[in-house]
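> Structure of the sequence below:
(2 chains, ligands or ions: 2)
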Amino acid sequence: MIITVKKPLPELLEMLGGAKKVAIVGCDSCAAACRTGGAPEIDQMAQALEDRGFQVVARVLPQECCHKLLVRKELKVLPDTGVEAVVCLACGSGVQTVADNVCLPVYPANDTSFLGQVERVGIFHEYCRMCGQCVLGRTGGICPVTRCAKGLVDGPCGGQKNGKCEVDPENDCAWIAIYERLKALGREDLLFSPAPIRDHSAQAHPKHLDLRGTKP
Amino acid sequence: MLQNALTHQQFAVTAELAPPKGWDFSHQIQVAKTLQRQVHGINVTDMQSACLKASSLGLCIALKQAGLEPILQITGRDRNRMGIVSDLLSAAAFGIDTVLCLTGDHPKVGDHPGAKPVYDLDSVGILQAVRQMEEGRDCGGSPLSGTPPTFFKGAVVTPVYEPLALQILKLRQKVDAGAQFIQTQCVFQTDQLTRLLDAMDKARITVPVMAGVLPLKSAGMARYMNEKVPGVTVPADQLQRLEEAAQEGRRTGVKGLAQRLGIQMAAELIAQIRDAGLCAGVHVMAVGAEEQVPKILALAGL
Ligand code: SF4
Ligand code: SF4
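Ligands and ions are numbered 1, 2, ... in the order given. Presented below is the predicted three-dimensional model:
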């Protein structure tokens, strides 16, 4: 799931500038789960904007805001409303998908933070940063690229203190977790030799994937 | 010089020196000159603790030109593989032949917390890159022009670490990747060191080890290190002796008693390590008090 957090309202108001008639577009998937873009958040945003003299001319809640064709359909209502700007309560991909479909300024109400594991409702952890070269097979299913603050793939730095990371003592040192897991699995041998030097071209942006015509 | 001492099994001594947060190297060069007779190399730090300083390469060149023996510390924090190899080629051009490869402290713990951390290569990756240079290729596999450089390559280990077996696993990788000497994070008593040496013996890692020694300046510094600095533990009795020295100083009005004790304790530890033949040498880290190093070494009989 893509984890988003709300921007402070003043930041959004500054972006809106002189626009008066605004539409609010949410996302009923990730942003709804993050409490940044579901139905209640759209209503709160509408209230906050109306309190400050804006006119909210449309509220749209697509099932997924990052789905281009779906969003195009949902946004068909906009042109008749006299809307001057769109406030989008989705992730960065959702905001751009809205912008792809309208010729209007589209402003993000959220900051997009990470790809999260849902530990339980409302609690998320970053487990994968989508490096394009998964090393989990040699690290006991615990990602050092993401969960080690330095993204070290060969083993730990010397910086843990009482099992906590030198960079942020709130975090457990990923490498101790990896070591304990590998020990439990009887696979410490995976750490006998260094990982292959990483190929960061796997992280060249932007990436695309086209499955059409590549079906087996 | 360090390589010479270690291969001829002399008790090797290095000291650490930080470049200034500025461009006037005269103090550093002067301190380095006073150290010259007692050490086999001077480690020049690469923005230690992630605090911005002039570059290690810059001061290493200045020391080399002053006829001294610098050891280039190089971390993966600020440079990707291209930056690292490129700096190492320049180092070779100035006759700098000894490097210490480290992962590096994270920018978040330093004075530029908003800086982008690089970590394209970690300590092991840097060692591999150096080896590849020595074979005449860069990290991309393209040939280097002319004679390939050769370096005497070092790495570090943290002896006070739980689980130590995990440090040993990484140490093995460093040695396999070409590390020819190891400097340790600072130890304060010999059992912190022997625990590491025993584990290395068991793992059949035979590379020469230089024990990190740090002269404490005060009980406050010791307490700070225990709380904040990873991989460092000042034993309770040493902390107490420092406190007593400070009290004594307050009572008698004599300044600097705690620092004098710290120097004495560091010298005693060095002498113990050498006399017992525990390891190949010592590496003295006198953060900010480098001018005391000659005295420490003299007290230790070096
Ligand atoms: S190594 Fe980590 S960041 Fe890369 S794909 Fe696997 S889980 Fe994701
Ligand atoms: S302390 Fe552990 S998690 Fe933190 S940077 Fe070092 S190895 Fe990575």
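
> Now do the closest residue to B:Asp78 other than its chain neighbours: how many residues are near it, please.
In this structure, B:Asp78 finds its nearest non-sequential neighbour in B:Val118, 5.8 Å apart by C-beta to C-beta, 6 or more residues apart in numbering or on different chains. The C-beta positions use only the backbone N, C-alpha and C, and glycine is treated the same way. Neighbours of B:Val118 under the rule other C-beta atoms under 10 Å in any protein chain shown: 19.

> my guess is B:Val118 meets B:Met82, correct?
No - if you go by C-beta atoms under 8 Å, B:Val118 and B:Met82 don't touch, sitting 10.7 Å apart.

> what is in contact with the two at once?
Overlap between the contact sets of B:Val118 and B:Met82, as judged by C-beta atoms under 8 Å, 6 or more residues apart in numbering or on different chains, is nil.

> before we move on, back to that, what's the residue nearest to B:Asp78 in contact with, if anything?
By C-beta under 8 Å, 6+ apart, the contact set of B:Val118 is B:Gly76, B:Arg77, B:Asp78, B:Arg79, B:Asn80.

> what about B:Val124, distance to B:Lys202?
21 Å (C-beta to C-beta, to the nearest Å).

> where exactly do the strands run in chain A?
Assigned by DSSP state E, chain A shows strands spanning A:2-6, A:21-25, A:55-60, A:85-88, A:106-108, A:110-120, A:123-126.

> Pipe the ones you listed into TSV and attach distance to ligand 1 per row.
Shown next, in TSV, are the strands of chain A (distance: least, C-beta to the nearest ligand atom, whole Å):
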stretch	distance to ligand 1
strand A:2-6	14
strand A:21-25	29
strand A:55-60	32
strand A:85-88	27
strand A:106-108	24
strand A:110-120	8
strand A:123-126	9
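
> Quick check: closest non-adjacent residue to whichever residue of the stretch 51-200 of chain B sits closest to ligand 1.
The nearest approach of the stretch 51-200 of chain B to ligand 1 comes at B:Tyr119, 13.6 Å away (C-beta to the nearest ligand atom). Leaving aside its sequence neighbours, B:Tyr119 sits nearest to A:Lys150 (C-beta to C-beta, 6+ apart; 4.7 Å).

> before we move on, the earlier item: hmm, B:Gly76 and the residue of the stretch 51-200 of chain B closest to ligand 1 touching each other?
Yes - assessed by C-beta under 8 Å, B:Tyr119 is found in contact with B:Gly76 at 5.2 Å.

> and for these two, which residues touch both?
B:Thr103, B:Gly104.

> what about those two, which has more around it?
B:Gly76 (28 against 22).

> burial measure for the nearest residue to the more buried one once chain neighbours are set aside, as a count.
With C-beta to C-beta, 6+ apart as the criterion, B:Gly76 has its nearest non-adjacent residue at 4.7 Å, and that residue is B:Leu121. Around B:Leu121 there are 27 other residues, counting by other C-beta under 10 Å.

> Equivalent analysis for A:Asp51, please.
8.

> middle-most residue in chain A, spatially?
Centroid check for chain A by C-alpha atoms, centre = their mean gives A:Ile2 as the closest residue, at 3.4 Å.

> ok now do it, which residues does it touch?
Listed by C-beta under 8 Å, 6+ apart, the contact set of A:Ile2 reads A:Cys30, A:Ala31, A:Cys91, A:Ser93, A:Thr112, A:Phe114, A:Leu115, A:Gly116.

> Compare these and tell me which has the most neighbours.
Neighbour count (other C-beta under 10 Å) singles out A:Ala31 as the most crowded of the contacts of A:Ile2, with 31 neighbours.

> For the closest residue to that residue other than its chain neighbours, what are phi and psi?
Counting by C-beta to C-beta, 6+ apart, A:Ala31 lies nearest to A:Gly37, which is 2.8 Å off, once chain neighbours are set aside. With angles defined as degrees, to the nearest 10, A:Gly37 sits at phi -150, psi 20.

> ok, now which ones touch A:Gly37?
Here A:Gly37 is in contact with A:4, A:26-28, A:30-31, A:65, A:88-90, A:94, A:109-110 (C-beta under 8 Å, 6+ apart).

> cool, and B:Pro19?
Contacts of B:Pro19 by C-beta under 8 Å, 6+ apart are B:Phe25, B:Gln28, B:Val44, B:Thr45, B:Lys53, B:Ala54, B:Ser55, B:Ser56, B:Gly58, B:Leu59.

> could you flag which of these are buried?
Among these, the ones that count as buried by 16 or more other C-beta atoms under 10 Å in any protein chain shown are B:Phe25, B:Gln28, B:Val44, B:Thr45, B:Lys53, B:Ala54, B:Ser55, B:Ser56, B:Leu59.

> Quick check: bridge partners of the third one?
B:Val44 has these beta-bridge partners by DSSP bridges: B:Leu17, B:Leu72.

> Nearest spatial neighbour of the residue in chain B that ligand 2 sits nearest to, chain-adjacent residues omitted?
In chain B, the residue that lies nearest ligand 2 is B:His106 (6.3 Å; C-beta to the nearest ligand atom). Excluding the flanking residues, the one nearest B:His106 by C-beta to C-beta, 6+ apart is A:Val167, at 4.4 Å.

> what's the neighbour count on that neighbour?
Neighbour tally, A:Val167, other C-beta under 10 Å: 22.

> can you pull the contacts of it?
Applying C-beta under 8 Å, 6+ apart to A:Val167 gives the contacts A:Ala149, A:Lys150, A:Gly159, B:His106, B:Lys108, B:Val109.

> Would you format those as TSV with pLDDT and distance to ligand 1 included?
Output for those, formatted as TSV (pLDDT from 0 to 100; distance: C-beta to the nearest ligand atom, whole Å):
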residue	pLDDT	distance to ligand 1
A:Ala149	97	13
A:Lys150	97	14
A:Gly159	90	20
B:His106	96	18
B:Lys108	95	19
B:Val109	93	23
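
> Now do the closest residue to B:Ala54 other than its chain neighbours against B:Leu59, distance only.
Residue nearest to B:Ala54 in three dimensions, not counting chain neighbours: B:Pro19, with 3.9 Å by C-beta to C-beta, 6+ apart. Note on B:Pro19: its distance to B:Leu59, by C-beta to C-beta, is 4 Å.

> joint contacts of the two?
Counting by C-beta under 8 Å, 6+ apart, the common neighbours of B:Pro19 and B:Leu59 are B:Phe25, B:Gln28, B:Val44.

> same for the helix ranked longest in chain B, what does it pack against?
When chain B is parsed with DSSP state H, its longest helix is helix B:257-275. Packing partners of helix B:257-275 (3 or more C-beta pairs under 8 Å, 6 or more residues apart in numbering or on different chains; DSSP states H and E): helix B:190-202, strand B:209-213, helix B:236-252, strand B:281-284, helix B:293-299.

> Brilliant, that's me finished.
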